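Peer 1: just coords:
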Ligand SMILES: Nc1ncnc2c1ncn2[C@@H]1O[C@H](COP(=O)(O)OP(=O)(O)O)[C@@H](O)[C@H]1O
Ligand SMILES: [Mg+2]
């Protein structure tokens, strides 16, 4: 007769695709229960969105289904707790990041909300406060930092197998875009993404930095999670827009980062209003209240509200960002305020 012991023996052969260790030994297969040939078990995943979960379930069912006496296999999915995740995927300090005091990862629910714009200008505002600042463009889908900072075609220098960041406008800068040959499409999928990012994080010699600002890929997909997990002390700066429809994505994103134990330093609302001229009333083109609503809901500080400013778009296209061309403009002062709050919060 089939029993739990035989099931355990058989299922031992199913490995975690990333760790190459037995799911059973890792504690990811649990709560095995057998009754009249029917098998129930739980597969605990690192994330509910694990792209390999179907393959793992199929393999478990395949292996157990072949055993004589097994009538059916029922796999329930669960997620690993925080403590369990820490144990399975310990965060090793990354050599290149040893002398970086604060890592600030700029995230958003989806693309096109101004994440890169904010990463670039907040980094410049922090540098304007006399801090040593690095900027890492980790947007695997479309690295746009080289365009925004006129660094297209710049190849990073190497020294003793380490990559040295480029220098521009007082920032140390590295982008996935700088590591790909010009004109070549970037195909960073699945395991490639994880590998590329770990390589970047491990090999870039940032040196002494007060802040490393990271432009994360949009959304809550694999790359954001990989990056979030790879950096021991990264805190998240969440970008949102004022309109209600955009909030669902941001909520999901905040929930996910918190689930992985990431600290969220605060929210920045972008495209908050348009100021037609100095005397006129600001116009809430995309509605209002999104930032405040999230701030209240999640107990997170709203660090600043950035207006729709044509100078931001021009700065993005010309490769000279607003915080370089007009740091003391009205919008520039909003970025300065955000930098001040970040400095105050990080001690
Ligand atoms: N506050 C703003 N005012 C005017 N244009 C903006 C503002 N924020 C972003 N943009 C423009 O919107 C576009 C998308 O911004 P970007 O920072 O690339 O977004 P993301 O990184 O989230 O995809 C860019 O052309 C940028 O110049
Ligand atoms: Mg971007």
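Peer 2: Nice, I can see it. A quick note: this is a predicted structure, and the numbers were derived from the prediction, not measured. Ligands and ions are numbered 1, 2, ... in the order given.
Peer 1: who's in contact with the residue most central in space within the chain?
Peer 2: Central residue of the chain (C-alpha atoms, centre = their mean): residue 224, 3.1 Å from the mean position. For residue 224, the contact set (C-beta atoms under 8 Å, 6 or more residues apart in numbering) comprises 107, 216, 217, 218, 253, 256. From N, CA and C alone the C-beta is placed, and that goes for glycine too.
Peer 1: can you do 10 Å?
Peer 2: Counting by C-beta atoms under 10 Å, 6 or more residues apart in numbering, residue 224 touches 105, 107-108, 138-140, 216-218, 236, 253, 256-257, 260.
Peer 1: for the stretch 151-300 of the chain, which segments count as helices?
Peer 2: Counting by DSSP state H, counting those that start in this stretch, the stretch 151-300 of the chain has helices at residues 190-203, 222-230, 244-259, 290-298.
Peer 1: how far away is residue 216 from ligand 1?
Peer 2: 10 Å (C-beta to the nearest ligand atom, to the nearest Å).
Peer 1: tell me the confidence at that residue?
Peer 2: The model reports residue 216 with a pLDDT of 87.
Peer 1: tell me the secondary structure of the closest residue in space to it that isn't next to it in sequence, please.
Peer 2: The shortest distance from residue 216 to any residue other than its chain neighbours is 4.7 Å, reached at residue 107 (C-beta to C-beta, 6 or more residues apart in numbering). Secondary structure, DSSP: H, G, I helix; E, B strand; the rest coil: residue 107 is strand.
Peer 1: give the burial count for residue 107, as a bare number.
Peer 2: 28 (other C-beta atoms under 10 Å).
Peer 1: which element, helix or strand, includes the one residue in the stretch 1-150 of the chain that gets nearest to ligand 2?
Peer 2: Scanning the stretch 1-150 of the chain for the residue nearest ligand 2 gives residue 116, at 3.3 Å (criterion: C-beta to the ion). Using DSSP states H and E, the element containing residue 116 is helix 115-128.
Peer 1: what's the following helix or strand past that helix packed up against?
Peer 2: Later in the chain than helix 115-128, the nearest helix or strand by DSSP H and E is strand 133-137. The criterion is 3 or more C-beta pairs under 10 Å, 6 or more residues apart in numbering; DSSP states H and E, and the helices and strands that strand 133-137 contacts are strand 100-108, helix 115-128, helix 145-148, strand 166-168, strand 171-175, helix 190-203, strand 209-215.
Peer 1: just the buried members of the contacts of residue 224?
Peer 2: 105, 107-108, 138-140, 216-218, 236, 253, 256-257 (16 or more other C-beta atoms under 10 Å).
Peer 1: just to revisit the earlier point, for the residue nearest to residue 216, list the residues it contacts.
Peer 2: 115, 119, 214-220, 224, 227-228, 234, 236-239, 250, 253-254, 256-257, 262, 264.
Peer 1: go with 7 Å
Peer 2: By C-beta atoms under 7 Å, 6 or more residues apart in numbering, the contact set of residue 107 is 216, 224, 236, 238, 253, 257.
Peer 1: quick one: which two of those residues are the most distant?
Peer 2: Distance extremes for the contacts of residue 107: the farthest pair is 224 and 238 at 11.7 Å, using C-beta to C-beta.
Peer 1: what's the separation between residue 17 and residue 54?
Peer 2: 12 Å (C-beta to C-beta, to the nearest Å).
Peer 1: tell me which of the two has more neighbours.
Peer 2: residue 17 (14 against 9).
Peer 1: which phi and psi does the residue lying closest to that one once chain neighbours are set aside have?
Peer 2: Excluding its sequence neighbours, the residue lying closest to residue 17 (C-beta to C-beta, 6+ apart) is residue 52, at 5.1 Å. Backbone geometry at residue 52, expressed as degrees, to the nearest 10, gives phi -100, psi 10.
Peer 1: low-confidence stretches in the stretch 201-347 of the chain?
Peer 2: 220, 222, 229, 232, 347 (pLDDT under 70).
Peer 1: quick check: the residue of it nearest ligand 1.
Peer 2: Per C-beta to the nearest ligand atom, residue 316 is where the stretch 201-347 of the chain lies closest to ligand 1, at 3.3 Å.
Peer 1: check contacts around that residue.
Peer 2: For residue 316, the contact set (C-beta under 7 Å, 6+ apart) comprises 117, 148.
Peer 1: element containing it?
Peer 2: Counting by DSSP H and E, residue 316 is part of helix 310-318.
Peer 1: does ligand 2 sit close to that helix?
Peer 2: No: Helix 310-318 lies apart from ligand 2 when judged by C-beta under 5 Å from the ion; the minimum separation is 9.8 Å.
Peer 1: name the helices or strands packed onto the strand ranked longest in the chain?
Peer 2: Scanning the chain for the strand with the most residues, using DSSP state E, yields strand 263-274. Where contact means 3 or more C-beta pairs under 7 Å, 6 or more residues apart in numbering; DSSP states H and E, strand 263-274 is packed against strand 234-240, helix 244-259, helix 290-298, strand 302-308, helix 330-346.
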